[in-house]
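>>> Can you look at this prediction? I've put the sequence above it.
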Amino acid sequence: MATTSTSSGEYSTTNSSCRSDWFLNREGCCIKTAERKGRGVYASRVIPPQTVIEVSPVLLFTRTEYEDYGRHTILDHYTFKWQDGRMALALGLGSLFNHSSYPNVTYVIDPVDECIRYTSTRTVNPEEELCIFYGHKLWFDPVDTAENSKPQVCLDQSDQSFLDILAIDSEVDEVEPRDTGDPNDIMESEALPFIWKKLQIDEEEESMADVMTMQAWAVDIPDSKNIATMLKWLKQSGLESDTLSHLKRIRKRDSISTLLLSVSSTVPLLPTNLDIGDPYQISVPSNPALTQTSLILKNTLWPTVYAPRRKWEPEKWSIAKVQWARDAISHMLRNTAQTTSSDEIPVVAHVPKPFEDEVLLSRSFTAKDTRISTGHPLRHAAMNLIRNVADWRAKTSPADLLPDPSKPTTSPSNGSLEISDTSSNGANYLLTGLTLFITHEPCIMCSMALLHSRVKEIFYIVPMPQTGGCGGSACLPALKGVNHRYSIAQWRSREGSAAPAHLDEQIDA
């Protein structure tokens with residue numbers, strides 16, 4: 001860790017380039033000396049993101065050895081805190097990575113193999129210094145020169161936002177800050193560390209030009225005595241469908257009643273023993289009326305059902321519940337940091353024990369994307385998590401411990417569920433009443449799987465505008481006709497805080 005040297009002029013020169021005979025590992029890293037910083041590790045060629053740059057074995061000191069001897073020597077500037085209280089000296093290049101607030105290298109401590117793995121977080125250019133982040137509580141004065149204070153221009157535009165991955169282990173600062181105050185106090189919506197996504201299920205259609213229509217078959221019934229007979233016939237004909245459920249079946253104008261039949265592509269065959277007209281097609285509204293203005297407009301086409309949408313009101317969150325969510329995010333990000341040392345797609349999903357009702361789930365679950373290691377295209381992080389919960393429930397949960405389907409279940413209280421479910425909807429499903437945290441917006445497949453699992457709400461950090469199923473390329477819980485809706489929120493990323501790895505926009509998370 002050459003960052004401990006800050007005395008001006010102690011190192012006055014910087015090697016102009018890496019010597020071809022001085023490459024120290026297979027990735028072509030070399031040592032150069034920078035003014036005021038001392039020695040550091042530099043790239044001699046392009047290093048792609050998520051490349052394992054160095055695996056440094058560690059020399060471990062007991063707490064007593066370090067307190068009695070190690071901390072009184074220069075080793076005090078180069079040791080890492082190990083997870084069991086010992087101190088570790090990284091051998092190889094591990095002790096020479098300098099500090100930067102904008103690191104291009106992350107590290108993961110491996111207590112099993114007693115080593116530290118260093119991985120690039122983005123494309124590293126030739127002659128660029130390789131730096132890691134030592135945390136916010138530094139024991140030295142950082143020297144952030146222009147060379148390492150800001151990220152250099154990446155060669156691959158797709159990985160520019162990959163810079164913010166930070167190494168996280170139990171000794172580093174809290175990933176998410178802790179809120180102060182009475183745990184039961186309700187936080188203002190502006191102070192919440194996330195933003196609710198309002199499910200805009202239907203448009204208001206408050207001008208005639210905005211009213212969406214469709215073609216439907218209708219028939220005039222001159223004699224009102226035949227209306228009851230035709231309604232009975234319609235029920236038995238198989239022509240009825242939910243497509244027209246938002247419209248009144250009969251329209252009366254003057255002395256003529258008109259019956260709405262169907263939206264079939266072929267002409268309906270009507271009874272021949274009644275005095276009725278021939279079927280014909282007309283334009284009718286495609287959606288119910290959500291406002292009084294919309295109702296007036298749509299009634300000019302056909303009598304329409306008035307179904308005003310309830311005002312969307314987000315759930316009130318206490319300081320204690322926000323901290324519960326922060327802890328879940330911190331746990332997930334710690335697992336994210338570990339994925340950078342593997343070839344897996346760096347997506348992590350996490351379901352913690354519920355904040356209030358731990359009867360729903362007595363333990364937490366975390367799952368990572370394993371599509372690469374398993375060679376299976378369906379092993380997304382969210383799918384793996386659902387599978388893990390299913391396996392655990394099958395092994396440990398007797399049927400009488402699951403929710404009673406005869407008892408009514410409640411909808412999420414944040415008001416985003418614009419649907420009336422039956423009392424048993426959600427009973428005995430895998431994720432009923434549970435909250436899923438995931439690093440990246442889940443893809444359409446995972447979003448639908450989570451819908452079928454009856455998840456209560458989803459929090460994601462990184463939006464995926466081209467492949468996401470929670471508002472990116474589509475919004476699954478807002479689709480017309482789905483029988484469950486869950487709430488969606490995007491976690492606010494703090495400047496300088498740990499962040500998930502960047503994914504190509506074309507990848508399904």
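That came through fine.
>>> ranges for the helices of this structure?
63-68, 146-149, 227-237, 292-299, 319-339, 371-374, 381-396, 444-452 (DSSP state H).
>>> Return the most buried member of these.
helix 444-452 (a mean of 22; mean count of other Cβ atoms under 10 Å). The C-beta positions use only the backbone N, C-alpha and C, and glycine is treated the same way.
>>> and stretch 316-331, how far from the chain's centre?
Using Cα atoms, centre = their mean, to the nearest Å, the mean C-alpha position of stretch 316-331 is found 16 Å from that of the whole chain.
>>> Check stretch 39-53 too.
That offset, for stretch 39-53, works out to 30 Å (Cα atoms, centre = their mean).
>>> What's the end-to-end length of that stretch?
17 Å (Cα to Cα, to the nearest Å).
>>> buried residues in that stretch?
39-44, 47, 49-53 (16 or more other Cβ atoms under 10 Å).
>>> Over to stretch 244-256?
Result for stretch 244-256 [16+ other Cβ under 10 Å]: buried residues 244, 246-247, 249, 251.
>>> List just the nearest of those to Val462.
His246 (37.2 Å; Cβ to Cβ).
>>> Pretty sure that closest one sits against Val284.
No. Between His246 and Val284 there is no contact under Cβ atoms under 8 Å: 9.4 Å.
>>> okay, now Tyr429: neighbour count?
17 (other Cβ atoms under 10 Å).
>>> which residues sit in contact with Gly40?
Gly40 is in contact with 2, 31-34, 96-98, 129-131, counting by Cβ atoms under 8 Å, 6 or more residues apart in numbering.
>>> Kindly reformat these as a markdown table containing distance to His484 and pLDDT.
What follows is these, written out as a markdown table (distance: Cβ to Cβ, whole Å; pLDDT from 0 to 100):
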| residue | distance to His484 | pLDDT |
| --- | --- | --- |
| Ala2 | 56 | 45 |
| Ile31 | 58 | 89 |
| Lys32 | 58 | 89 |
| Thr33 | 61 | 86 |
| Ala34 | 57 | 80 |
| Leu96 | 54 | 88 |
| Phe97 | 48 | 89 |
| Asn98 | 51 | 87 |
| Glu129 | 51 | 91 |
| Leu130 | 48 | 92 |
| Cys131 | 47 | 89 |
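>>> Could you give me the ChimeraX syntax to select whichever of the residues you listed are buried?
Buried residues within the contacts of Gly40, as defined by 16+ other Cβ under 10 Å, are selected in ChimeraX through the command that follows:
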select :2,31,32,34,96,97,98,129,130,131
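>>> Please export the C-alpha coordinates of stretch 298-314 as PDB.
Provided in PDB are the C-alpha atoms of stretch 298-314 (Å, rounded to 0.1, in the frame of the first residue of the first chain):
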ATOM      1  CA  LYS A 298     -67.300   7.100 -24.000                       C
ATOM      2  CA  ASN A 299     -71.000   7.100 -23.500                       C
ATOM      3  CA  THR A 300     -71.400   8.800 -26.800                       C
ATOM      4  CA  LEU A 301     -70.000   5.600 -28.400                       C
ATOM      5  CA  TRP A 302     -71.600   3.000 -26.100                       C
ATOM      6  CA  PRO A 303     -72.700   3.000 -22.400                       C
ATOM      7  CA  THR A 304     -69.500   2.400 -20.500                       C
ATOM      8  CA  VAL A 305     -68.800   1.300 -16.900                       C
ATOM      9  CA  TYR A 306     -67.500   4.000 -14.600                       C
ATOM     10  CA  ALA A 307     -64.500   2.600 -12.700                       C
ATOM     11  CA  PRO A 308     -62.600   5.400 -11.000                       C
ATOM     12  CA  ARG A 309     -59.100   4.500 -10.100                       C
ATOM     13  CA  ARG A 310     -58.200   4.800  -6.400                       C
ATOM     14  CA  LYS A 311     -55.700   7.400  -5.600                       C
ATOM     15  CA  TRP A 312     -52.200   5.900  -5.400                       C
ATOM     16  CA  GLU A 313     -50.800   6.400  -1.900                       C
ATOM     17  CA  PRO A 314     -47.400   4.800  -1.000                       C
END
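>>> quick one: contacts of it?
Residues from elsewhere that reach stretch 298-314 (Cβ under 8 Å, 6+ apart): 189, 196, 198-199, 201-202, 205, 211, 213, 245-248, 250-251, 260, 282-285, 288-292, 295, 414-416, 418.
>>> returning to that earlier point: just put the buried residues of stretch 39-53 in TSV and tack on distance to Pro111 and pLDDT.
Output for the buried residues of stretch 39-53, formatted as TSV (distance: Cβ to Cβ, whole Å; pLDDT from 0 to 100):
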residue	distance to Pro111	pLDDT
Arg39	28	86
Gly40	27	89
Val41	24	91
Tyr42	29	92
Ala43	28	91
Ser44	31	90
Ile47	26	89
Pro49	26	82
Gln50	22	79
Thr51	23	86
Val52	18	87
Ile53	20	89
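>>> ok, the buried residues of stretch 244-256 vs Tyr78, which is closest?
His246 (70.9 Å).
>>> re the thing from before, weakest of the helices of the chain in terms of mean pLDDT?
Sorting the helices of the chain by mean pLDDT places helix 146-149 lowest, at a mean of 40.
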